[in-house]
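**Student:** got a sequence here, can you build the structure:
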Amino acid sequence: MFKKLFLLIFLFLSINASSQCAMCKAVVEGGNETMAEGVNDGITYLMIFPYILVGILFYFIYRHRKKAKN
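**Tutor:** Predicted coordinates:
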């Protein structure tokens, strides 16, 4: 029962995610180059934060394990 519910929720979430891509594509296809650059900059800006958070997490794990060895 839980697997079917999870699959159903997963399918609905993936449909919403693909509709966002179509919206971005429609904005960029308008021919406005500055708008396309803004969308690319926004995507890059949003991509940076997960990498920073994962890097900070690994740093704290490394520091914790180094202290545990001493």
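
**Student:** relative to H64, how far out is the residue nearest the centre of the chain?
**Tutor:** The centroid of the chain falls nearest to M47 when counting by Cα atoms, centre = their mean (6.1 Å). M47 sits 27 Å away from H64 when distances are taken as Cβ to Cβ, to the nearest Å. Glycine gets a C-beta too; all of them are placed from N, C-alpha and C.

**Student:** likewise L57?
**Tutor:** Applying Cβ to Cβ to L57 and H64 gives a distance of 11 Å.

**Student:** got the domain ranges for this structure?
**Tutor:** 1-30, 33-70 (automatic domain parsing).

**Student:** let's have those domains in a markdown table, adding mean pLDDT.
**Tutor:** Putting those into a markdown table (pLDDT from 0 to 100) gives the following:
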| stretch | mean pLDDT |
| --- | --- |
| domain 1-30 | 70 |
| domain 33-70 | 88 |
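
**Student:** tell me where the protein has helices.
**Tutor:** Secondary structure of the chain (DSSP state H): helices at 2-28, 33-69.

**Student:** next, the buried residues of the longest one.
**Tutor:** Residues of helix 33-69 include none that count as buried (16 or more other Cβ atoms under 10 Å).

**Student:** helices or strands next to that helix in the packing?
**Tutor:** helix 2-28 (3 or more Cβ pairs under 8 Å, 6 or more residues apart in numbering; DSSP states H and E).

**Student:** mind running it again at 6 Å?
**Tutor:** Packed against helix 33-69 by the contact rule (3 or more Cβ pairs under 6 Å, 6 or more residues apart in numbering; DSSP states H and E) you find no helix or strand.

**Student:** make residue 1 into 689 and carry on from there
**Tutor:** Got it, first residue is 689 now, which makes that one helix 721-757.

**Student:** now it, how far from the chain's geometric center?
**Tutor:** 10 Å (Cα atoms, centre = their mean, to the nearest Å).

**Student:** contact partners for R753?
**Tutor:** Neighbour list for R753: empty [criterion: Cβ atoms under 6 Å, 6 or more residues apart in numbering].
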